[in-house]
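Student: Give me the fold of what follows.
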Amino acid sequence: MIDPVRAAALALLIEAEATPTPIKEALDRAETRLPREHDRALLHSLVNETLRHRPRLDDTLAPWIAPRRLADLEPVVRNLLRLGLAQLVLHDRIPPHAAVDTAVSLAHHELHAGAAGFINAVLRRAVREGLARWRGPQAASIEALDDPRQLAVRFSTPEWLVRRWVDRFGLERARRALAAGAETPATWVRFRADQLALDRRAATPGHAPIPPALAAELGLEDDALHPWLPGVARVRAGTRPATLPGFRDGRYTIQDPSAVAVGWLPPVVRGRILDACAAPGTKTGHLLERAEAGTRLLALDRTRSRLALVRQGLLRLGLRADCLVGDARHLPFSSGFDGILIDAPCSNLGVLRRRVEVRWRSFEESLVRLADTQAAILRAAARALLPGGWLVYSVCTTEPEETTRQRDRFFDEQKAFEPCPLPELVPAAARGREGELILIPGELETDGGYAFVVVKTGPGSGGSAGA
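Tutor: The predicted structure follows:
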């Protein structure tokens with residue numbers, strides 16, 4: 001009998017290789033076909049951990065299939081080997097025989113006896129040798145690793161990115177960032193301010209107590225509260241907040257602290273606000289929760305399907321925004337906003353542990369193209385902002401082309417803007433230049449990210465569209 005969880009996991013792993021869309025969307029669709037919560041959680045774990053560690057799994061498998069190469073195998077064979085090995089070395093609670101038998105059964109169902117025999121032989125060798133090879137010299141001690149190739153294999157990260165981080169952060173700090181990117185991430189929630197004794201408008205340090213019923217629902221432990229972001233807590237491992245009543249009722253939102261921090265950067269949320277790249281809408285919701293009475297927010301994104309996610313999220317929170325399909329590089333209006341948030345399309349290289357497929361879909365040469373897109377969005381936003389209004393630019397990466405150099409480029413082009421101070425709650429270790437937030441993966445209890453906030457001081461034209 002074919003195991004439905006492994007069959008779904010195999011299909012998703014093959015899809016992740018073949019299509020450029022985020023795997024989370026396909027994973028969320030697949031889990032609706034599994035009636036048991038245990039099976040849905042197992043599917044998430046199998047897919048995410050196999051994708052997170054795919055380069056290292058491939059390196060482990062390589063000598064067992066020689067002289068063949070994984071790239072030359074059929075997609076079903078290649079991904080069954082990865083899935084089987086991942087269960088053997090990453091999932092302690094799955095018996096080895098179950099990992100092997102389910103893979104062989106799927107091979108018989110999807111392929112032929114010869115392929116099933118090959119998979120059986122490789123995975124039985126993995127049962128005997130897999131943990132020793134997985135835990136071999138590459139993983140003996142993080143501190144012992146200083147070669148970029150070793151670091152790339154150990155942390156399943158592109159070698160070009162490893163070299164960048166070592167050059168920019170130094171070896172020790174780069175190791176920590178790489179280790180963070182290879183971890184299974186914690187799940188964090190941001191509570192609505194009206195559920196706590198929080199000032200929803202002001203970004204001030206300090207925590208309000210979490211209502212006992214919500215703390216119990218989420219399994220919050222004594223150290224669950226985020227060290228510097230108010231109203232943010234880490235849920236107990238294994239808890240899936242999206243299945244719980246408090247989430248459905250809009251009492252909290254699942255959101256990483258690096259994204260929460262961006263929502264606190266606008267000095268005030270009032271008047272007419274534009275969220276220029278709104279999907280999936282968690283930052284949109286945070287802005288609306290902070291908004292003063294009479295605020296109108298326009299959520300813009302490039303497709304109807306992405307805007308549907310925004311509407312769905314706001315409906316759950318009991319909030320409302322106007323939604324418009326459009327390209328943020330070419331806004332269909334020239335001015336009139338008191339605040340603009342740009343959560344720009346980016347490389348996602350600061351959130352490798354959450355966007356597990358990014359590690360092999362990213363290429364160094366794509367950073368220039370992304371930076372040009374981001375700059376075009378910034379120019380359009382600069383034109384659309386009223387004097388006295390604020391603009392927040394954020395990305396979930398730390399690569400200079402998309403971050404510090406983008407800020408430099410903006411100020412070179414835009415003479416009618418000046419930096420806006422960051423809120424008091426941002427710690428010194430996360431502050432760059434005036435109005436600049438820099439978060440390194442794994443530090444300060446956040447993923448990697450970057451943002452800057454500016455205020456328009458004059459009626460400047462917003463720079464040359466061809467610059």
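Student: Helix, strand or coil: sort out residue 324 for me.
Tutor: Three-state secondary structure (criterion: DSSP: H, G, I helix; E, B strand; the rest coil) places residue 324 in strand.
Student: That one touches residue 302, doesn't it?
Tutor: No. The pair residue 324 and residue 302 does not pass the contact test of C-beta atoms under 8 Å, sitting 10.5 Å apart. All C-beta atoms are positioned from the backbone trio N, CA, C, and that covers glycine.
Student: Which residue ranges make up each domain of the protein?
Tutor: Structural domains annotated on the chain: 4-138, 188-254, 259-456, as defined by automatic domain parsing.
Student: Can you give me the buried ones in the lengthiest helix in the chain?
Tutor: Ranked by residue count under DSSP state H, the longest helix found in the chain is helix 113-134. In terms of neighbour count (16 or more other C-beta atoms under 10 Å), helix 113-134 has its buried residues at 115, 116, 118, 119, 120, 122, 123, 124, 126, 130, 133, 134.
Student: Output it as PDB, nothing but the C-alphas.
Tutor: Output for helix 113-134, consisting of C-alpha atoms alone and laid out as PDB, is shown next (Å, rounded to 0.1, in the frame of the first residue of the first chain):
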ATOM      1  CA  ALA A 113      11.400  -3.100 -10.500                       C
ATOM      2  CA  GLY A 114      14.900  -2.200 -11.600                       C
ATOM      3  CA  ALA A 115      14.600   1.300 -10.200                       C
ATOM      4  CA  ALA A 116      13.000   0.000  -7.000                       C
ATOM      5  CA  GLY A 117      16.000  -2.400  -6.600                       C
ATOM      6  CA  PHE A 118      18.500   0.400  -7.000                       C
ATOM      7  CA  ILE A 119      16.700   2.600  -4.500                       C
ATOM      8  CA  ASN A 120      16.500  -0.300  -2.000                       C
ATOM      9  CA  ALA A 121      20.200  -1.000  -2.400                       C
ATOM     10  CA  VAL A 122      21.300   2.600  -1.900                       C
ATOM     11  CA  LEU A 123      19.000   3.200   1.100                       C
ATOM     12  CA  ARG A 124      20.000   0.000   2.800                       C
ATOM     13  CA  ARG A 125      23.600   1.100   2.500                       C
ATOM     14  CA  ALA A 126      22.500   4.400   4.000                       C
ATOM     15  CA  VAL A 127      21.000   2.500   6.900                       C
ATOM     16  CA  ARG A 128      24.400   1.000   7.600                       C
ATOM     17  CA  GLU A 129      26.600   4.000   6.800                       C
ATOM     18  CA  GLY A 130      24.400   7.100   6.500                       C
ATOM     19  CA  LEU A 131      24.700   8.500  10.000                       C
ATOM     20  CA  ALA A 132      28.500   8.000  10.100                       C
ATOM     21  CA  ARG A 133      28.900   9.800   6.700                       C
ATOM     22  CA  TRP A 134      26.300  12.500   7.600                       C
END
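Student: So which other helices or strands are in contact with that helix?
Tutor: Helix 113-134 sits against helix 54-65, helix 75-90, helix 96-110, with contacts defined as 3 or more C-beta pairs under 8 Å, 6 or more residues apart in numbering; DSSP states H and E.
Student: quick one: the last one to helix 113-134, angle?
Tutor: What it means is helix 96-110. Using axes from the mean of the first three to the mean of the last three C-alpha atoms, to 10 degrees, the interaxial angle of helix 96-110 with respect to helix 113-134 works out to 150 degrees.
Student: do the longest one as well
Tutor: When the same axes, to 10 degrees is applied, the directions of helix 75-90 and helix 113-134 differ by 30 degrees.
Student: same question, the first one
Tutor: Put simply, helix 54-65 runs at 110 degrees to helix 113-134, going by the same axes, to 10 degrees.
Student: Okay, strands next: where are they in the stretch 251-400 of the chain?
Tutor: Secondary structure of the stretch 251-400 of the chain by DSSP state E, counting those that start in this stretch: the strands cover 252-254, 272-275, 296-301, 322-325, 337-343, 385-395.
Student: export these to CSV and tack on mean neighbour count and distance to residue 46?
Tutor: Listed next are the strands of the stretch 251-400 of the chain as CSV, based on neighbours: other C-beta atoms under 10 Å; distance: least, C-beta to C-beta, whole Å:
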stretch, mean neighbour count, distance to residue 46
strand 252-254, 21, 21
strand 272-275, 24, 34
strand 296-301, 23, 31
strand 322-325, 15, 35
strand 337-343, 25, 30
strand 385-395, 22, 30
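Student: which one of the helices and strands packed on helix 113-134 is the most hemmed in?
Tutor: Burial of these is given as mean neighbour count (mean count of other C-beta atoms under 10 Å); helix 75-90 ranks first at a mean of 23.
Student: helices and strands of the protein: which one has the lowest mean pLDDT?
Tutor: With mean pLDDT, DSSP states H and E as the measure, the helix or strand of the chain carrying the lowest mean pLDDT is helix 358-361 (a mean of 86).
Student: low pLDDT regions in the stretch 151-300 of the chain?
Tutor: Within the stretch 151-300 of the chain, the stretches falling below the threshold (pLDDT under 70) are 198-206.
Student: mind listing the helices in it by residue range?
Tutor: Using DSSP state H, counting those that start in this stretch, the helices of the stretch 151-300 of the chain run over residues 159-169, 171-181, 212-218, 245-248, 257-263, 282-290.
Student: Could I get the pLDDT score of residue 129?
Tutor: pLDDT for residue 129: 89.
Student: quick one: it from residue 361, how far?
Tutor: Distance, residue 129 to residue 361, using C-beta to C-beta, to the nearest Å: 30 Å.
Student: try residue 257
Tutor: Distance, residue 257 to residue 361, using C-beta to C-beta: 25 Å.
Student: And the two? Which one has more around it.
Tutor: Each of residue 257 and residue 361 had its neighbours counted (other C-beta atoms under 10 Å), and the higher figure belongs to residue 257 (22 against 15).
Student: what's near enough to touch the more buried one?
Tutor: 188, 226, 229, 232, 445, 446, 447 (C-beta atoms under 8 Å, 6 or more residues apart in numbering).
Student: switch to 6 Å and redo it
Tutor: Under the criterion of C-beta atoms under 6 Å, 6 or more residues apart in numbering, the neighbours of residue 257 are 188, 226, 229, 232, 445, 446.
Student: which two from these end up farthest apart in space?
Tutor: Across the contacts of residue 257, the two members that end up farthest from each other (C-beta to C-beta) are 232 and 446, 10.0 Å apart.
Student: Relative to residue 6, which of the helices and strands packed on helix 113-134 is closest?
Tutor: Taking C-beta to C-beta as the criterion, helix 96-110 is the member of these that comes nearest to residue 6, at 4.6 Å.
Student: Identify the residues contacting that closest one?
Tutor: Residues outside helix 96-110 that contact it (C-beta under 6 Å, 6+ apart): 2-3, 6, 10, 76, 80, 84, 87-88, 115-116, 119-120, 123, 127.
Student: rerun that using 8 Å as the cut-off
Tutor: By C-beta under 8 Å, 6+ apart, the residues outside helix 96-110 that reach it are 1-3, 6-7, 10, 76-77, 80-81, 83-84, 87-88, 91, 115-116, 119-120, 123-124, 127.
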